[in-house]
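Student: Predicted model, plus sequence, below.
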Amino acid sequence: MLIVDQLIVRRDRLSFQYHQQIQEGEIVAIQGVSGIGKSTLLEAIAGFAQITSGDIRWLGKSFVDLIPEQRPVSMLFQDNNLFEHLSIKQNLRFIDTEVAWSEVEKHALTLGVGEQLTKQPNALSGGQRQRVALLRTLLRPEPLILLDEPFSELDPATRATAASWSRQMAQQRNKTLMAVTHHNEDVEQLADRVIRLE
Amino acid sequence: MPNSVKPGSENGGKARPNKFMRLGQVLGWCSLAFMSGTTLLAFFGLLNFSGQGFDFGFLQDPYLWQIIEFTFIQAIFSAGLSLLFAWPVALALLHKRDSWHKRIFLSFCILCFVMPTLIVITGLVALLGHQGLVGRWMWEGWNLYGLTGILIAHVYLNFPFAVRCIYLQLQAIPASRWKLARQLKLSRWQRFRYLEWPSAQLVSWLATGFILVLCFNSFAVVLALGGGPQATTLEVAIYQALKYDFNIPEALILAWLQLILAGSLYLLVTTLGQLQWLGNLSQERKPLPSSGKFERLLYNLFYGIAWCVMVAPLIALLPKIFSQPLTENFWQAIVTPTMTSLVLAALATTIALGLAYLVLQPYRIARRLGTTTYIWIDGLASHALVIPAMVLSVGIFVFFIRKIDLDIYGMVFVCIINALVSVPFALSQLKGPLLNYDQSYRHLLSTLKLSRWQRFTVEWQFMKPAIRSATAFVAVLTLGDVAIYSIFGHQDFVTLPWLIYSYASTYRMTEAAMAAILLLIICSTVVAFLEYQRRPRSKKVC
């Protein structure tokens, strides 16, 4: 279980308070009005926000004092998810050595980016880049997956494909997934439960 | 609410450097210590020479005041004239469509600015000397040597730099302002007054100040085209006191004066702002108001004249090399200096880039942690800009003269000092991309949990163009060094610029021209490589 215990996070002179519990293998969507602190919650769990007090525990172990590199977290940011100077293939090589390349190619085809692997990121559209980053985030070995507006640049059809693929992957690989989204369709296709921040 | 920040939080611990970063940090501080230590040795050398102390009586010498006066006059005129010629050319470039010759012209501006001065000097002598292509047709009493020649050479070397600085600012004027100017039907003068001048005003003064500092520190030009009490600068006087008269107390006084004056000038200029002259040129077509016939004619005239001025001294080298056959001895004599220059440039560039990259490790960590330490690191790493290479060389020369056989180890010092004075230039090329890299990928690198080797390869691939660009920039600066070599150089290891100087000063113009062309080819190749590295990459499609 992931426990966010009385966590207070400071960002730009604002303080956000969180207290949540998420079951192992659960998929939750995080919703709330802009500025309420949805992305800040993900960044705090990933280790990129300034925590004033509180704790974050995964399977009973606190990781609030760990640096991001040591946390059991794989995160998709709103931007800067791909190294622009490396090819898509090179970017995807950072998944995990245990995942066979043929499997990566198969999933890339499912997400409609199978033809883009030899290209540079700047030759891809925003939606294609987002799907490549999504692919890498979900195939990484960490058990906790954090997605910050993962489908924001996708059209409705691709959005549905990406959401159902994400759900399938999370279930198959026993991931605990938290996704920030403004769209109710994403919630329906992806999540088991919604957390509304107020 | 508790005020303390958890140790693992962003500012409290997550941004803490890991072991690998700490090693880089330590090596970076060691590099800074090495650079600062060398400067301190130079100061120690400048303060005292075997207890001989300073010859303060020299400060009363009218010869000294004549030198200072000339140093200022030539620098002020050189800077003023460079700016005066640069503005019309920059305006002409702004109003000319993008074309292959315009792009070559702008690359050529870089070449002219970084070109070893002895190529220009040889070219100017071949063009405007008594027997030169144009010089022989000049009026009675025309003399290239003295203030005239120094000003011509300085303007040639520096006005292309001013052109690039001003043009970069002019092309950055937003399209919306040009649209507004057209809609308001502004006259040519009004466009200059309200659009062009305000956008490039600051950069004009900065470029003038920077050129003034460069000309104040000019050595090779004044050594070759000046001379005598009427046309000697502080740098040349230091060299003469040290190498001809072996009057170390006098050299020390001159070096201190040069340091105080040139350093103050540099600090004054840098407080006004920073110059952008190597920035990428936009190829976006702006909705500029259409020019009238006369205006277009003027632009073409300025553009054409600028081309002629920049090409003429280099073209003038060609007839010189065919004026008489070159002996086999010449070809044998040129091989070793060429190799010496190349090896020297390669070593100094490697050291300069290594030091710069290491210094950037504590710098980037300080930026990441949000501490002000980065300001100190930046200042320490760039301190060589305030200290003229000649002053640094003299200090170290005096410090080591009784301790080390400088005839044997002189070239080691040439290499190290060239590297040290080049570090700020390498830093200027590497700092921006590295900070950009950290800013863009810091979180991604953490979340991907890359190994040290993976982190290194990803960063290396990102930084490769900037490293290549810095390599080319530093290499071409080092290839042209004359000042440092003049203090530590040895006849067994003559460099190509010094060989050119030796030929030119003994009126062997055919050999000087040929050696200058060879150096020009080497430098042009390096600059072409620099431009290739800086070219805009493919654009995003969507």
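Tutor: Now that the structure is in, tell me what you want to look at.

Student: which outside residues touch stretch B:37-46?
Tutor: Residues outside stretch B:37-46 that contact it (CB atoms under 8 Å, 6 or more residues apart in numbering or on different chains): B:252, B:255-256, B:259, B:383-384, B:387, B:391-400, B:416-417, B:420. Heads up, the C-betas are built off the backbone N, CA and C, glycines and all.

Student: Mind doing that once more with 7 Å?
Tutor: B:252, B:255-256, B:383, B:387, B:392, B:394-396, B:398-399, B:420 (CB atoms under 7 Å, 6 or more residues apart in numbering or on different chains).

Student: other SSEs contacting the helix or strand B:Leu223 falls within?
Tutor: Assigned by DSSP states H and E, B:Leu223 falls within helix B:220-225. Here helix B:220-225 touches helix B:117-128, helix B:147-170, helix B:234-239, going by 3 or more CB pairs under 7 Å, 6 or more residues apart in numbering or on different chains; DSSP states H and E.

Student: Quick one, which of those gets closest to A:Thr181.
Tutor: For A:Thr181, the closest of the helices and strands packed on helix B:220-225 is helix B:147-170, at 43.3 Å, according to CB to CB.

Student: can I get the CA coordinates of the closest one in PDB?
Tutor: Below are the C-alpha coordinates for helix B:147-170, written out as PDB (Å, rounded to 0.1, in the frame of the first residue of the first chain):
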ATOM      1  CA  LEU B 147      49.500  54.800 -36.100                       C
ATOM      2  CA  THR B 148      47.900  54.500 -39.600                       C
ATOM      3  CA  GLY B 149      48.800  50.800 -40.000                       C
ATOM      4  CA  ILE B 150      47.900  50.000 -36.400                       C
ATOM      5  CA  LEU B 151      44.400  51.600 -36.900                       C
ATOM      6  CA  ILE B 152      43.800  49.800 -40.200                       C
ATOM      7  CA  ALA B 153      44.800  46.400 -38.800                       C
ATOM      8  CA  HIS B 154      42.700  46.900 -35.700                       C
ATOM      9  CA  VAL B 155      39.700  48.100 -37.600                       C
ATOM     10  CA  TYR B 156      40.100  45.100 -40.000                       C
ATOM     11  CA  LEU B 157      40.200  42.700 -37.100                       C
ATOM     12  CA  ASN B 158      37.400  44.200 -35.000                       C
ATOM     13  CA  PHE B 159      34.800  45.800 -37.200                       C
ATOM     14  CA  PRO B 160      33.500  42.400 -38.400                       C
ATOM     15  CA  PHE B 161      32.900  41.500 -34.700                       C
ATOM     16  CA  ALA B 162      30.900  44.700 -34.200                       C
ATOM     17  CA  VAL B 163      29.000  44.000 -37.400                       C
ATOM     18  CA  ARG B 164      27.900  40.600 -36.000                       C
ATOM     19  CA  CYS B 165      27.000  42.000 -32.600                       C
ATOM     20  CA  ILE B 166      24.800  44.800 -34.100                       C
ATOM     21  CA  TYR B 167      23.300  42.600 -36.800                       C
ATOM     22  CA  LEU B 168      22.300  40.000 -34.200                       C
ATOM     23  CA  GLN B 169      20.400  42.600 -32.300                       C
ATOM     24  CA  LEU B 170      18.800  44.200 -35.400                       C
END
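
Student: What are the buried residues along stretch A:55-68?
Tutor: By 16 or more other CB atoms under 10 Å in any protein chain shown, the buried positions in stretch A:55-68 come out as A:56, A:58, A:63-66, A:68.
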